[in-house]
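>>> A structural model of the following input is requested.
(one chain, ligands or ions: 2)
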Amino acid sequence: MIKKKVLITGGAGFLGSHLCEKLLNQGHEVVCLDNYFTGQKQNVVHLIKNPFFELIRHDVTMPFLIEVDEIYNLACPASPVHYQYNPIKTVKTSVMGAINMLGLAKRIRAKVLQASTSEVYGDPEIHPQTESYWGHVNPIGPRSCYDEGKRVAETLFMNYHKQNNVRIKIIRIFNTYGPKMHPNDGRVVSNFIVQALKGEDITIYGDGTQTRSFCYVDDLLEGMVRLMNSREDFTGPVNIGNPGEFTMIELAEKVLKLTGSKSKLVYMPLPADDPLQRKPDITLAKKELGWEPTIPLEEGLKRTIEYFKTII
Ligand code: NAD
Ligand code: UDP
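Numbering: from 1, shown residues only. Ligands and ions are numbered 1, 2, ... in the order given. Model (predicted):
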């Protein structure tokens with residue numbers, strides 16, 4: 001194995017902290033960069049004693065210079081509640097963050113991976129979503145700061161690749177869950193588990209018939225690292241997610257069953273532009289990366305519930 005020096009932006013967040021751990025376990029050197037907006041030092045504190053791990057407070061909207069072999073660009077709030085808190089900052093993080101990381105990759109000839117999202121498909125009109133679908137995004141709606149920011153980031157990645165030969169990889173991540181999600185993150189899996197464990201009402205937005213496909217964090221990261229290591233001329237974008245599709249009512253019922261909670265379902269207004277359905281077509285990931293998810297929803301939920309029991 002060749003030991004690599006890897007920069008992970010957003011490395012103190014949910015996915016980033018798992019990625020730091022995975023790459024250190026594989027024997028690489030990891031630099032974790034974060035401004036702690038939605039991430040926490042707590043997520044990576046156990047890694048600090050490792051001499052091959054470095055933690056740096058920095059905002060990706062500002063240029064950053066370092067010598068590394070690979071960059072995973074994950075910095076960006078991912079939960080609708082957090083990315084809508086300061087929408088201008090969210091756009092800046094995606095767009096200026098991409099420009100800064102691509103400029104760095106160009107200068108030091110590093111390979112750079114962009115954490116894109118299923119949100120580039122917006123409220124999709126085709127189902128399941130393939131990478132060739134251009135999407136259905138409201139450019140001025142409440143989710144646009146995230147969706148359009150991520151779309152521009154993809155544009156920047158493709159153009160740095162075509163114009164400047166920067167080696168790029170684009171992963172379109174579908175809803176991912178697991179241990180180390182922040183209990184107040186606001187995303188549906190963490191909300192339902194925390195509510196169930198506390199005996200509070202389970203908040204279903206809308207009528208609960210909207211669907212999502214939930215991927216366990218370990219599966220997602222395996223796909224992400226395989227993409228980074230994929231053949232040189234494969235840039236993506238590639239969907240990584242679990243094609244199992246569930247309504248929010250089905251998800252709530254599973255959480256209630258697995259926690260043994262007596263919490264009641266309560267119905268609240270559906271947020272504007274909330275996509276009605278989402279499910280990845282993972283044919284490309286299977287073909288190019290030999291990847292498919294291995295952890296079914298119930299198993300992943302059990303592991304996530306065990307984690308939340310330790311912190312609540
Ligand atoms: P997260 O909110 O837990 O992590 C994001 C991290 O980025 C946090 O540590 C945060 O502090 C940091 N950050 C935010 N703005 C920053 C800035 N300006 N400078 C430096 N650091 C900054 O979310 P996550 O679920 O770990 O998501 C990681 C990445 O994956 C994001 O880019 C997100 O858009 C993408 N993604 C995640 C999912 C998912 O379901 N988890 C789905 C699609 C895409
Ligand atoms: N949702 C819900 N209750 C909650 C949080 C979210 O019913 O407490 C719904 C939300 O309206 C959406 C789905 O769950 O339809 C997934 O929401 P999340 O914020 O996790 O991710 P995204 O909408 O970005 O896929």
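>>> direction included, what does the helix or strand harbouring Val112 pair against?
Element membership of Val112, judged by DSSP states H and E, is strand 111-117. Under the criterion DSSP bridges, strand 111-117 sits next to strand 70-73 (parallel), strand 168-173 (parallel) in its sheet.
>>> is ligand 1 contacted by the longest one?
Pointing back at strand 168-173 there. Yes - against ligand 1, strand 168-173 shows contacts by C-beta under 6 Å from any ligand atom at Ile173. Placement of C-beta: from N, CA and C, glycine included.
>>> for the very next helix or strand once past that strand, name the packing helices and strands.
Next in sequence after strand 168-173, counting helices and strands by DSSP H and E, comes strand 176-177. Judged by 3 or more C-beta pairs under 8 Å, 6 or more residues apart in numbering; DSSP states H and E, the packing partners of strand 176-177 are strand 215-216, helix 217-228, helix 297-311.
>>> and the longest one, what does it pack against?
In this case it means helix 297-311. Judged by 3+ C-beta pairs under 8 Å, 6+ apart, helix 297-311 is in contact with strand 176-177, helix 188-198, strand 215-216, helix 248-259.
>>> need the ones you listed in JSON lines (columns: mean neighbour count).
Converted to JSON lines, the helices and strands packed on helix 297-311 look like this (neighbours: other C-beta atoms under 10 Å):
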{"stretch": "strand 176-177", "mean neighbour count": "26"}
{"stretch": "helix 188-198", "mean neighbour count": "22"}
{"stretch": "strand 215-216", "mean neighbour count": "24"}
{"stretch": "helix 248-259", "mean neighbour count": "18"}
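>>> the helix or strand encompassing Val30 near ligand 1 anywhere?
According to DSSP H and E, Val30 maps onto strand 29-34. Yes - under the criterion of C-beta under 6 Å from any ligand atom, ligand 1 is reached by strand 29-34 at Asp34.
>>> quick one, the helix or strand following that strand and strand 29-34 angle?
Next along the chain after strand 29-34, taking DSSP H and E as the criterion, comes strand 53-57. Here the directions of strand 53-57 and strand 29-34 differ by 20 degrees (axes from the mean of the first three to the mean of the last three C-alpha atoms, to 10 degrees).
>>> tell me what strand 53-57 is packed against?
Contacts defined by 3+ C-beta pairs under 8 Å, 6+ apart place strand 53-57 against strand 29-34.
>>> kindly recompute the last result at 10 Å.
Contacts defined by 3 or more C-beta pairs under 10 Å, 6 or more residues apart in numbering; DSSP states H and E place strand 53-57 against strand 5-9, helix 14-25, strand 29-34.
>>> would you turn those into a markdown table with mean neighbour count, mean pLDDT and distance to Ala75?
Listed next are these as a markdown table, based on neighbours: other C-beta atoms under 10 Å; pLDDT from 0 to 100; distance: least, C-beta to C-beta, whole Å:
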| stretch | mean neighbour count | mean pLDDT | distance to Ala75 |
| --- | --- | --- | --- |
| strand 5-9 | 25 | 99 | 4 |
| helix 14-25 | 22 | 98 | 8 |
| strand 29-34 | 24 | 98 | 7 |
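>>> quick one: closest of these to ligand 2.
When those are compared by C-beta to the nearest ligand atom, helix 14-25 sits nearest ligand 2, at 11.9 Å.
>>> now the helices and strands packed on strand 53-57 as a markdown table including distance to Val189?
What follows is those, written out as a markdown table (distance: least, C-beta to C-beta, whole Å):
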| stretch | distance to Val189 |
| --- | --- |
| strand 5-9 | 23 |
| helix 14-25 | 11 |
| strand 29-34 | 22 |
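>>> need those in JSON lines with distance to ligand 2, can you?
Below are these laid out as JSON lines (distance: least, C-beta to the nearest ligand atom, whole Å):
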{"stretch": "strand 5-9", "distance to ligand 2": "20"}
{"stretch": "helix 14-25", "distance to ligand 2": "12"}
{"stretch": "strand 29-34", "distance to ligand 2": "21"}
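>>> nearest to Gly290, of those?
Between Gly290 and the helices and strands packed on strand 53-57, the tightest spacing by C-beta to C-beta is seen for helix 14-25, at 17.6 Å.
>>> run the angle between that closest one and strand 5-9 for me.
Counting by the same axes, to 10 degrees, helix 14-25 points 170 degrees away from the direction of strand 5-9.
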